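*Asks:* Only the shape, not the letters, is given here:
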């Protein structure tokens, strides 16, 4: 276990930065495990797997629609665990972080969630609407299972809260580089660099940066400042075309990831 | 989180003081939002804390309530209706007589004052039946601020008159086509908007739901209803009421009436949810008829969701009650046994709408008609010297075309 820690340690030794693609589990239907392997083949270091929720308020229209498509295919949290188990049959090294909203976990029960996630081979959990003040009960269940609690920090998070978040979080910190929902406007690399440096005064954990990264150029720029580059909307909007265009979408997503990987490694 | 026994003790032995510092009412409430919204909510909480205790702010708020809203609203003894039901004496708290036609203007005025103090230039809101949207568009017009109102596309259709009113007031109405196309989806869009532009934007939330401090703040702004009702009842009947009844969608009009009476244990408190086509049909908004608690739109509360935690669609003939969540303080009052929650179906509410209109010459909103429907069952079981106060949260003008459509008539302004 503790795949996240091991992965970041290895990357640091190699002087490389982590590439963390996000996809929503169950979108497109039946292709998630295949897609996860495709992401790894193209240079993904950690996979963020969204578990669908009916009301994903922190996500923009692209990812919100992916949640709804997955739900229309009947994808449940237990199905997401099955996908991770299936992925683990042939990949026991790539860390998988589940990302989503609290209510499905709440209804399942924290204990059952932690047990099932651990059994499936999940390494981290990012619950968008669970702030650090109220996270203790969930952390108490997942941490003994070796599962990290990933937390968000934003441009407007106060220093006091950064300290609090760093005390609850493990694995890595997810810095949201932009105001707004996922898929928002272009990012300002200089301010991200300054902010990441600021966060690093409070923690030794790796800092990943997400929101607003769409191509090799932006991925390479962010990787100058951050330990991990997190990319979601641009991939999910490609996967949204699956019903019309079929498997070529999956390959194109692989190519997008590969381009980012190359740009980051050659920065 | 406070545990149950501690919560109970708080009410029995000490003054009622909810929520706690973290915004929880017992296990309910809180601030379950993405980090992207936290600083905006902290800023709002700090401003609210400072101003709500500030005599100058109170003076401005009282002035607006008196001269802009038209308070105090009357407490009206519905004599013919009471006589017909043959039991308790029924008094209507006439929030329908407020400027813009509902209780929503009370909290809109309060939040607008906060927005002005904070130097915000842009107001956003969500609306279900349109009453909160109209109230928000009204206060924004008065302050000369840009106003954007998110409204479910289905509600835009059901409430064409209010949509037109908002546009006349200068607001931009954005129809939301995602999900159930009702209030919950309008709130999602308003939250997304706020996250993107928190510096210049004030989100005037329309009920006692959402992340802390909204449930507390909206309750406090609405609590004028109960304070007035208490004084008026004592003056008119010489005593406290025996029962309070109010409809509960998000629950703002109900909390406004109930709050002042929570420590008066002799007063029974009853909230009426929307039973829609009947709770057994699944087509309803009676959140507390089920036993499901969870986290949704920033708060922990009773809500409607499936076994996988996905929020399910609610239904009511009244757009204002069609919401899968409920204010956390209501959940708390139910859990500690201080309030009881029942429901009335569409048919019962429509019958009450027609009944009060004919019997008293007062046309109630379909939301309020749910409370009236329950009173029709309750009053006959009580004695003639007992008193019920029912909150007439709004007037029925906006619902005329809904009722007309049920009667097979087209009175225009359909969406």
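*Replies:* Good, I have the coordinates. Note that the coordinates shown come from a computational prediction; the quantities given were computed from them, not determined experimentally. Numbering: from 1, shown residues only, chains lettered A, B, ... in the order given.

*Asks:* Spatially central residue in chain A, please.
*Replies:* By C-alpha atoms, centre = their mean, chain A has its centre lying nearest to residue A:48, at 3.2 Å.

*Asks:* Okay, now the unreliable bits of the stretch 1-150 of chain A?
*Replies:* A:1 (pLDDT under 70).

*Asks:* Helices of that one, residue ranges please.
*Replies:* Here the stretch 1-150 of chain A has its helices, by DSSP state H, counting those that start in this stretch, at A:3-13, A:32-41, A:61-72, A:77-88, A:102-108, A:110-120, A:136-142.

*Asks:* Would you mind listing the buried residues in the last one?
*Replies:* By that I understand helix A:136-142. A:138, A:139, A:141, A:142 (16 or more other C-beta atoms under 10 Å in any protein chain shown). Heads up, the C-betas are built off the backbone N, CA and C, glycines and all.

*Asks:* nearest residue to the first one other than its sequence neighbours?
*Replies:* Going back to what we said before, that points to residue A:138. residue A:110 (5.2 Å; C-beta to C-beta, 6 or more residues apart in numbering or on different chains).

*Asks:* swap in the last one?
*Replies:* Nearest non-adjacent residue to residue A:142, counting by C-beta to C-beta, 6+ apart: residue A:114, 4.7 Å away.

*Asks:* got the contact list for the residue nearest to the centre of chain A?
*Replies:* A:20, A:21, A:22, A:23, A:97, A:98, A:99, A:126, A:230, A:232 (C-beta atoms under 8 Å, 6 or more residues apart in numbering or on different chains).

*Asks:* Same check on residue B:392?
*Replies:* B:92, B:93, B:94, B:95, B:96, B:362, B:364, B:365, B:368, B:372.

*Asks:* Which one of the residues you listed is nearest to residue B:54?
*Replies:* residue B:95 (25.9 Å; C-beta to C-beta).

*Asks:* Tell me the pLDDT of the closest one.
*Replies:* In this model, residue B:95 is scored at 98, pLDDT.

*Asks:* For the residue of the stretch 101-250 of chain B at minimum distance from chain A, the count of nearby residues, please.
*Replies:* In the stretch 101-250 of chain B, the residue that lies nearest chain A is residue B:196 (3.7 Å; C-beta to the nearest C-beta). For residue B:196, the neighbour count with other C-beta atoms under 10 Å in any protein chain shown is 16.

*Asks:* Okay, strands next: where are they in the stretch 51-200 of chain B?
*Replies:* B:75-77, B:89-94, B:122-127, B:146-152, B:172-176 (DSSP state E, counting those that start in this stretch).

*Asks:* Can you say which of these is packed in most?
*Replies:* strand B:122-127 (a mean of 27; mean count of other C-beta atoms under 10 Å in any protein chain shown).

*Asks:* which residues of chain B score low on pLDDT?
*Replies:* B:1-14, B:413-415.

*Asks:* actually the stretch 151-267 of chain A, not the one I typed
*Replies:* Using pLDDT under 70, the flagged stretches of the stretch 151-267 of chain A are A:179-187.

*Asks:* SS state for residue B:217?
*Replies:* For residue B:217, the assignment made with DSSP: H, G, I helix; E, B strand; the rest coil gives helix.

*Asks:* Then residue B:323?
*Replies:* coil.

*Asks:* quick one: residue A:243 is in a helix?
*Replies:* Yes - counting by three-state DSSP, residue A:243 is found in a helix.

*Asks:* Spit out the contact partners of it.
*Replies:* Here residue A:243 is in contact with residue A:28 (C-beta under 8 Å, 6+ apart).

*Asks:* Among the contacts of residue B:392, name the ones in helices.
*Replies:* With helices defined by DSSP state H, the entries of the contacts of residue B:392 inside them are B:368, B:372.
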